[in-house]
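*Asks:* compute the structure for the input listed below.
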Amino acid sequence: MLGRRQEINLQLTQLLDSTLLGFCLWFAHFLRSTILPQFWPDMVSIPSIDRLYWVMAVVVPFTPLILEWRGFYSNLYHKSPAHTLRQLMESLVIVSVIIGALVVFLRWEVPSRAVVILAVALSGIALVTREILQKARRKRQLASGKGRESVLLAGLEADTAQFLINMPAEQRAGIEVAGCIDITRQPMSDLVNAMHQHSVSRVIFAAQHVHFSKIEEAVQACETEGVEAWIAADFFQTAIARPTFDVLGGRLMLVFHSTPQISWSLWFKDLFDRVGAFFLLGLTLPLWLVAMVGIRLSSRGPLFFCQERAGLYGKPFRMWKFRTMYPDAEARLAELQAHNEMDGPVFKITHDPRIFAFGRWLRRLSIDELPQLLNVLRGEMSLVGPRPLPVYEIEKIEKRAQRRRLSVKPGLTCLWQVTGRNGITSFEEWVALDLQYIDNWSLWLDAKILARTVPAVLRGTGAS
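*Replies:* Next up is the predicted model:
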């Protein structure tokens, strides 16, 4: 029900889903090659199933992983059918795109599209049916009291009571609380006797206000008895940071993190950034030529503008742009400060007189940002992330919470970019969008922001 058991149940469910997916693909081929021709004799015959083995090799192992990524296996008993269908459809679309990419780029053959379409439909029905049956079986099991795990709660009486109140109903139904031991008042022998009397499999410590020496003594008692000890890691109250465990120097560390954790998703994000930047550089080379020729004809001075910006955790890096302002733009900044339309440390005005005509066109279509693809290739920036601010503006930030936007790599585009840049004049609101991105980050969110960036750039929305 908890921890390792929950992980094993998830893996068994994924193994079952892989089996169902393989069967659906086989059955779709059987329907198309054997059953349907009996009703429609004129149907074109299709090759044998072995021509679809490569599709099975993609669908069977990877679809459950994509389903898990989309949250299909999470919050099973409380999500709506519509939510389930949306997660399922998103996953099947992603798998279909992967297969389509293999067909286009590697020239792998799909001998019958009808089989694939049938397999997708059958897989959707099979997975939804499996979830409905699994949910109904688990609810019957919990209602009957079977399968409940006998546990003890230990800690201050108020802490254990609050722990039970905050426990989700689904998890609460899966345990049988055999007793509550107040280890601040009761002797340790009471805890040991309760373990013996109720034959518990674990002791859960809700010990927010208990001295560490008491917890250590109680955990040692559980260790001697061979009973698992689970300690609620809420000794410190945090508003944003999420606790995890890690090991450093052979010692167990309780880690509080308020940014996306190191994961395969972050690794794929970095890989996608580098590969995407490489391909975008090739695709946009004609625009680079247009920009360089236009800048050279429109204004004297260098083609590129380079400035120190604040990167990951505020580390300075040199960010590149096509120059869109007159060469004396930095020197004239002080005289324009009175016209600043943004509050906070950021400077921005709608009709900046330092921008020459061709430069304004480059900005409207965001062509001036293209050299930052080199920063992405170097690993200093990401395709999606909070926009990097000049180092001198970062030094003016007064609220420490606003510096959390520096806890991820800066990006070419972000939520602020696709919501209409000039429509937001509040630095607080700008940072709020960045923090919303950080707190809800996923590869899917990056994909949605990139998809919204393309029409925003073509329309010139919010650019100046």
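
*Asks:* which helix in this protein runs the most residues?
*Replies:* helix 113-144 (DSSP state H).

*Asks:* got any ranges where the chain has weak pLDDT?
*Replies:* 1-5, 142, 144-147, 169-170, 209-210, 233-241, 247-252, 420-423, 460-464 (pLDDT under 70).

*Asks:* helices of the stretch 351-464 of the chain, start to end?
*Replies:* With helices called from DSSP state H, counting those that start in this stretch, the stretch 351-464 of the chain shows them at 357-364, 372-377, 391-394, 415-418, 427-439, 443-459.

*Asks:* packing partners for the fourth one?
*Replies:* Spelled out, that is helix 415-418. Helices and strands touching helix 415-418, as assessed by 3 or more Cβ pairs under 8 Å, 6 or more residues apart in numbering; DSSP states H and E, comprise helix 427-439, helix 443-459. The way it works is simple: take the backbone N, C-alpha and C, and place the C-beta from them, glycine included.

*Asks:* right, and the helices of the stretch 351-464 of the chain - which one's nearest residue 33?
*Replies:* helix 443-459 (36.1 Å; Cβ to Cβ).

*Asks:* one step back: let's have the helices and strands packed on helix 415-418 in CSV, adding distance to residue 151 and mean neighbour count.
*Replies:* Output for these, formatted as CSV (distance: least, Cβ to Cβ, whole Å; neighbours: other Cβ atoms under 10 Å):
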stretch, distance to residue 151, mean neighbour count
helix 427-439, 32, 18
helix 443-459, 36, 15
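
*Asks:* redo those as a markdown table? Include distance to residue 381.
*Replies:* Output for the helices and strands packed on helix 415-418, formatted as a markdown table (distance: least, Cβ to Cβ, whole Å):
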| stretch | distance to residue 381 |
| --- | --- |
| helix 427-439 | 14 |
| helix 443-459 | 13 |
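
*Asks:* and of those, who's closest to residue 263?
*Replies:* Across the helices and strands packed on helix 415-418, residue 263 has its closest neighbour in helix 443-459 (10.1 Å, Cβ to Cβ).

*Asks:* next one: that closest one to chain centre, how far?
*Replies:* Taking the mean of its C-alpha atoms, helix 443-459 sits 16 Å from the chain's own mean (Cα atoms, centre = their mean, to the nearest Å).

*Asks:* now the angle from it to helix 427-439?
*Replies:* If you take axes from the mean of the first three to the mean of the last three Cα atoms, to 10 degrees, helix 443-459 sits at 140 degrees to helix 427-439.

*Asks:* for helix 443-459, packing partners?
*Replies:* By 3+ Cβ pairs under 8 Å, 6+ apart, helix 443-459 packs against helix 264-283, strand 382-384, strand 411-413, helix 415-418.

*Asks:* and for residue 323, the neighbour number?
*Replies:* Applying other Cβ atoms under 10 Å, we find 23 residues neighbouring residue 323.

*Asks:* how about stretch 148-157: buried residues?
*Replies:* 151, 152, 153, 154, 155, 156 (16 or more other Cβ atoms under 10 Å).

*Asks:* and if you look at stretch 306-324?
*Replies:* 309, 310, 311, 312, 317, 319, 320, 321, 322, 323, 324.

*Asks:* which stretches of the stretch 51-200 of the chain form strands?
*Replies:* 149-154, 175-181 (DSSP state E, counting those that start in this stretch).

*Asks:* now the first one against strand 175-181, angle please.
*Replies:* Between strand 149-154 and strand 175-181, the angle comes out at 30 degrees (the same axes, to 10 degrees).

*Asks:* by contact count, what packs against strand 149-154?
*Replies:* helix 157-166, strand 175-181, helix 188-198, strand 202-205.

*Asks:* ok, the last one next?
*Replies:* The criterion is 3+ Cβ pairs under 8 Å, 6+ apart, and the helices and strands that strand 175-181 contacts are strand 149-154, helix 157-166, helix 188-198.

*Asks:* pick the most buried one from those.
*Replies:* strand 149-154 (a mean of 22; mean count of other Cβ atoms under 10 Å).

*Asks:* what residues does it touch?
*Replies:* 1-2, 160, 163-164, 174-183, 191, 194-195, 198-207, 218 (Cβ atoms under 8 Å, 6 or more residues apart in numbering).

*Asks:* mark which of these are buried, thanks.
*Replies:* Using 16+ other Cβ under 10 Å, the buried ones in these are 1-2, 160, 163, 174-175, 177-183, 191, 194-195, 200-207, 218.

*Asks:* so what's residue 303 up against?
*Replies:* 291, 292, 295, 296, 322, 323.

*Asks:* distance of residue 271 from residue 453?
*Replies:* 19 Å (Cβ to Cβ, to the nearest Å).

*Asks:* got the contact list for residue 278?
*Replies:* residue 377.

*Asks:* then residue 121?
*Replies:* No contacts exist for residue 121 under Cβ under 8 Å, 6+ apart.

*Asks:* likewise the one 3 residues further on?
*Replies:* By Cβ under 8 Å, 6+ apart, residue 124 lies in contact with 88, 89, 92.

*Asks:* identify, from the residues you listed, the entry nearest to residue 342.
*Replies:* Using Cβ to Cβ, those come closest to residue 342 at residue 89, 40.8 Å.

*Asks:* quick check: closest non-adjacent residue to the closest one.
*Replies:* residue 124 (7.6 Å; Cβ to Cβ, 6 or more residues apart in numbering).

*Asks:* and if you look at residue 297?
*Replies:* What sits nearest to residue 297 in space, not counting adjacent residues and going by Cβ to Cβ, 6+ apart, is residue 358, at 7.6 Å.

*Asks:* ok, now residue 325?
*Replies:* Nearest to residue 325 is residue 354, by Cβ to Cβ, 6+ apart, at 4.4 Å.
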